[in-house]
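Asker: Show me the folded form of this:
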Amino acid sequence: MKVILTEKINKLGNIGDTVEVKTGFARNYLLPNSKAMRWTRENVALFEAKKAELQARQEVAKKTAESNVDAVKNAKLYMIRQAGDTGQLYGSVSTRDIARMLKEVAGVNVESAQVLLGAPIKSIGAFDTEIALHPDVVVPVKVYVAQTQDEIEALVAGKVLTFGTKKVEEDSEEKSEEKSEEKVEEKAADAE
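Answerer: Numbers count the residues shown, from 1 in each chain. Predicted coordinates for the structure are as follows:
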């Protein structure tokens, strides 16, 4: 389907670009959200009449996004979640969770689609992600996920958290010592 973009969309085009998109994408996302218009001669003329207004609206949105950059950069995104002995979370931290946290901590309204996380966070640690306040304004942020406030403070300080590995290593050393002692005793019994 051929559409005219009424706002800048990453990886698709700028305001006024005529692009070919899949019909479902146009009908389900672009057209209902007023991000594009169907391409017809009448709509081309209508767009040309509204072009200055649309560009002015985009500039205002960009300036608003730029004014929120410092608030997002300085936001402390600390998430306390339950996890298993290996550091795997019971559940995950999604883009929706990060958007909600930004609203609570920084007071910036962000939709979950603006959080460029990639895949949900499923383990404890420090993770880098980006927030697209506007297609031209992308802010890098760091998300800390831990079980307790002490673990978060350790992550912020740059320490690496280990889970269950020391216990496993100690247990395996003790078991190997016990097995070697048993083998020695068995050999002594066999020799008699």
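
Asker: List the contacts of stretch 109-123.
Answerer: For stretch 109-123, the external contacting residues (C-beta atoms under 8 Å, 6 or more residues apart in numbering) are 72, 83, 87-89, 92-96, 98-99, 102-103, 127, 129-133, 138, 143, 145. From N, CA and C alone the C-beta is placed, and that goes for glycine too.

Asker: Just the buried residues of those residues.
Answerer: 72, 83, 87, 89, 93, 95, 98-99, 102, 127, 129, 131-133, 143, 145 (16 or more other C-beta atoms under 10 Å).

Asker: what residue ranges in this protein are flagged as low confidence?
Answerer: 164-192 (pLDDT under 70).

Asker: can you give me the helices for it?
Answerer: In the chain, the helices defined using DSSP state H lie at 23-25, 41-67, 69-73, 95-106, 149-156, 165-191.

Asker: and the first one, what does it pack onto?
Answerer: For helix 23-25, the contact count by 3 or more C-beta pairs under 8 Å, 6 or more residues apart in numbering; DSSP states H and E identifies no helix or strand as a packing neighbour.

Asker: Check the fifth one too.
Answerer: The elements that helix 149-156 packs onto, with contact taken as 3+ C-beta pairs under 8 Å, 6+ apart, are strand 77-80, strand 125-134, strand 137-146.

Asker: now the angle from that helix to strand 137-146?
Answerer: 130 degrees (axes from the mean of the first three to the mean of the last three C-alpha atoms, to 10 degrees).
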